[in-house]
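Peer 1: Sequence and computational prediction follow.
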Amino acid sequence: MSTMEKLFMQIFEEKNKIVEQVRHQTLLFDQQLAAKCLLEGIAPPPWLWSPSFPSAPSAATGL
């Protein structure tokens, strides 16, 4: 592989890392926002709940 090809590979690998970091940060923000809504006594909108969320909205009704 030439030096130029290696550089392109590094660029694309770095781009993929950045995209994954942004996805992860978005997930964390969504979870934080949903938790804040629950703490304020507001039911989070359905689009905010993630399937990977540890608790379901129905579990919060017992608060």
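Peer 2: Okay, I see it. Numbering: from 1, shown residues only.

Peer 1: per-residue pLDDT, the residue nearest the centre of the chain?
Peer 2: In the chain, the residue lying closest to the centroid (CA atoms, centre = their mean) is L27, at 1.4 Å. Predicted confidence (pLDDT) for L27: 90.

Peer 1: Show me what the host helix or strand of it is packed against.
Peer 2: Element membership of L27 [criterion: DSSP states H and E] is helix 3-39. Applying 3 or more CB pairs under 8 Å, 6 or more residues apart in numbering; DSSP states H and E, one finds that helix 3-39 contacts no other helix or strand. Quick note: C-beta positions are derived from backbone N, CA and C, even for glycine.

Peer 1: Now it: buried residues?
Peer 2: If you call a residue buried by 16 or more other CB atoms under 10 Å, then helix 3-39 has these buried ones: D30, Q31, A34, L38.

Peer 1: how far away is the last one from P44?
Peer 2: From L38 over to P44 the distance is 7 Å, taken as CB to CB, to the nearest Å.

Peer 1: Repeat that for the third one.
Peer 2: Computed as CB to CB, the A34 to P44 distance reads 4 Å.

Peer 1: and if you look at the first one?
Peer 2: For D30, the distance to P44 under the criterion CB to CB works out to 9 Å.

Peer 1: Check V22 too.
Peer 2: Distance of V22 to P44, given as CB to CB: 21 Å.

Peer 1: Ok, S2 next?
Peer 2: 51 Å.

Peer 1: again with V19
Peer 2: For V19, the distance to P44 - CB to CB - is 26 Å.

Peer 1: cool, E13 as well?
Peer 2: 35 Å.

Peer 1: next one: K17
Peer 2: 30 Å.
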